[in-house]
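A.B. asks: Pasting the sequence and the predicted model now:
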Amino acid sequence: MPIIASNFKTNHTRKSTNDFISSINEYLKSNDIKSEVYVFPTATSLNDFDTVKNLTVGTQNAYYTEKGSFTGEIGTQQLDEFGIKTILIGHSERRHILGESQEEIAKKYEFYKALGYTIIYCIGEPLEVKESGLENTLEYIYEQFVGIDTNYENLILAYEPVWAIGTGVTATNDDIKNVHTAIKEKIDKPLLYGGSVKVNNVREICEIPNVDGALIGTASWIKEDFIQIIDNTKDL
Ligand SMILES: O=C(CO)COP(=O)(O)O
């Protein structure tokens, strides 16, 4: 059964997030679908969603603190209010757009690991590395595990080639299989693929060996499409 996760990134409001999550939860419940589903809304849309029992709401980011003076950030004081215990860490947009260093990412990972959070840890290479071949790609990816305890029991990995994120250009099945197989040989943890996953390719991607699900952006932001994505993979 693949893990299906939606990363809202900087999309949706509190109102539309509440509608989205309620609709997905109702779809899962009324159809008795057992897929492992995660939704990562914006920080402003986090809530306790206390009637939502069939999917997990996580945070896209948080600082490694309970509270304090970190302007613009949230910590566990804000996450605990809503019972959030799942977090994305290392997303390429935080690395390459927001400038999070591997050292910072490792500190964040250690902090939330110590608190028992489920962590979806993201790795992936930029285009120029991809174009230099598989060996360099893997070397780049392994660098992204510096300071990361990959034996952590609540760890889920997500391979998201930067050049496939938001571009509509999905990695080929061979691209995905080669990288996923190599990572799995080193790290035996659930490994999602992310990068232009769509309604019409999610099943094929989830059937590739060593792919344990998908972390989806753009194609998951309309609730009907996300329902279709779950429906297309629910029997795998
Ligand atoms: O970054 C991603 C999910 O975290 C992938 O985004 P897209 O599905 O828009 O390519």
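C.D. replies: Thanks, I have the structure now.

A.B. asks: Do I have it right that Leu191 meets His180?
C.D. replies: Yes. With contact defined as Cβ atoms under 8 Å, Leu191 reaches His180; the gap is 5.6 Å. For glycine as for every other residue, the C-beta is placed from the backbone atoms N, C-alpha and C.

A.B. asks: Now for these two: what residues contact both?
C.D. replies: Common neighbours of Leu191 and His180, using Cβ atoms under 8 Å, 6 or more residues apart in numbering, are 159, 210-211.

A.B. asks: wait, what's in contact with the residue nearest to Gly68 when sequence neighbours are not counted?
C.D. replies: Nearest non-adjacent residue to Gly68, counting by Cβ to Cβ, 6 or more residues apart in numbering: Gly75, 6.8 Å away. Under the criterion of Cβ under 8 Å, 6+ apart, the neighbours of Gly75 are 62-68.

A.B. asks: Same question for Asp225.
C.D. replies: Taking Cβ under 8 Å, 6+ apart, we find Asp225 in contact with 199, 219.

A.B. asks: Report the secondary structure state of it.
C.D. replies: Of the three states, Asp225 takes helix according to DSSP: H, G, I helix; E, B strand; the rest coil.

A.B. asks: In contact with the residue located most distally from the centre of the chain, which residues?
C.D. replies: What lies farthest from the middle of the chain is Ser69; by Cα atoms, centre = their mean that is 27.2 Å. By Cβ under 8 Å, 6+ apart, the contact list for Ser69 is empty.

A.B. asks: nearest to Ile105, of the contacts of Gly75?
C.D. replies: The shortest approach to Ile105 among the contacts of Gly75 belongs to Tyr64, at 9.8 Å (Cβ to Cβ).

A.B. asks: Flag every residue of this structure that's near the ligand.
C.D. replies: Proximity of the chain to the ligand, by Cβ under 6 Å from any ligand atom, involves residues 7, 91, 160, 165-166, 194-197, 215-219.

A.B. asks: Doesn't Leu215 lie inside a helix?
C.D. replies: No. Using three-state DSSP, the assignment for Leu215 is strand, not a helix.
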